[in-house]
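# Okay, sequence plus prediction incoming.
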Amino acid sequence: MAKKKTLGNLRYFQIRILHAQAKHLPGYAITEFFNKVEMIAGTGKVDSVPSCILKVEFDGPELPQLNEELIDSLLIDRILEQKDGVAYLRVRTPGPIQMIVARERDCWVIPPTYLSKENGFFMTIQGTSKGLKRVKDELELLIPEKMDMRISKMIVGDLIAAPELPERRHLVITTAVKKGYYDTPRKCTQKDIAEILGIKQGTVAEHLQYAESVIINSWADQVSQS
């Protein structure tokens, strides 16, 4: 059954930081060990330090041995699964960017959030308008160079009987709506959405198809019951 979902007054913004802009940050050293680090889900805080599940990609069959240089940015609590070149880890992230968000109770990090050798650092932060403004101001002090930042429109009010969607699929379809994918004529393509979110076009197509199916079926169920 469709579930009432209250969003309140929320926004999200996305920030991309190139390697050249972040060389002074502790997390920069992570790219020496991993080709890509991707947040799968947040798991709260441990002693005020944010924790999450990460997917990491690396060269070779075994997880690289991290040195003490990374203690200030990545603490591995548990290896959940590991196979050739890929591992899922439960970690704490005490780096300066993550701690700025963690200290702000009105904001939180959501997927897509990742760090890669090829594309640099990409983070999605959701929260209230005031909370995001405070985080944005602190980030600009930490990284004074101009950052690529995309800020969403306000999400206001209740979504009555809105179907639940996983965070990533919710973000993909709301981005599609915002950019005019469902306008007539269309104002953007799946490739455009993929570039905005930093994911593959095939992933966008999969998320949109799933989300559209859930929404249409939910609508049909409600109409049939009215």
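It's in. Residues are numbered from 1 along each chain as shown.
# which regions of the protein lie under the pLDDT threshold?
Where the chain drops to pLDDT under 70, the residues are 1-9, 19-27, 67-71, 144-164, 184, 215-226.
# Please, where are all the strands along this protein?
For the chain, the strands defined by DSSP state E occupy 5-6, 11-17, 36-46, 49-57, 75-83, 86-92, 107-116, 120-127, 148-151, 158-159.
# Where do the domain boundaries of this structure fall?
13-148, 163-225 (automatic domain parsing).
# Export those domains as a markdown table, with columns for mean neighbour count.
In short, each C-beta sits where N, CA and C put it, glycine included. Listed next are the domains of the chain as a markdown table, based on neighbours: other C-beta atoms under 10 Å:
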| stretch | mean neighbour count |
| --- | --- |
| domain 13-148 | 16 |
| domain 163-225 | 15 |
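# So which residue is dead centre in the protein?
The residue lying closest to the centre of the chain (C-alpha atoms, centre = their mean) is P111, at 2.2 Å.
# so who does the residue lying closest to it once chain neighbours are set aside touch?
Nearest residue to P111 in three dimensions, chain neighbours excluded: R168, at 4.9 Å (C-beta to C-beta, 6 or more residues apart in numbering). Neighbouring residues of R168 by C-beta atoms under 8 Å, 6 or more residues apart in numbering: P111, P112, H207.
# how much space is there between R168 and K200?
Using C-beta to C-beta, to the nearest Å, R168 is found at 12 Å from K200.
# Now do the contacts for C52.
M39, I40, A41, G42, T43, R90, V91, T93, V109.
# ok, the fifth one to D72 distance?
In this case it means T43. 20 Å.
# Repeat that for the second one.
Distance, I40 to D72, using C-beta to C-beta: 22 Å.
# same deal with the third one?
When C-beta to C-beta is the yardstick, A41 and D72 sit 23 Å from each other.
# The fourth one now?
In this structure, G42 and D72 are 20 Å apart, going by C-beta to C-beta.
# Please apply the same query to I79.
Taken as C-beta to C-beta, the span from I79 to D72 is 20 Å.
# one step back: of the strands of the chain, which is nearest T189?
Nearest to T189, of all these, is strand 148-151, at 17.2 Å by C-beta to C-beta.
# hang on, the earlier thing: and the contacts of C52, which two are furthest apart?
The distance between the two most remote of those (C-beta to C-beta) is 15.4 Å, for R90 and V109.
# how close does F13 sit to L165?
F13 is 20 Å from L165, by C-beta to C-beta.
# how about CSV for the strands of the chain, with distance to P64 added?
Shown next, in CSV, are those (distance: least, C-beta to C-beta, whole Å):
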stretch, distance to P64
strand 5-6, 41
strand 11-17, 23
strand 36-46, 12
strand 49-57, 9
strand 75-83, 11
strand 86-92, 10
strand 107-116, 15
strand 120-127, 19
strand 148-151, 29
strand 158-159, 43
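# Of those strands, which is nearest Y182?
strand 158-159 (16.6 Å).
# now, among the contacts of R168, which is nearest to D59?
So of the contacts of R168, ranked by how close each gets to D59 (C-beta to C-beta), first place is P112, at 22.9 Å.
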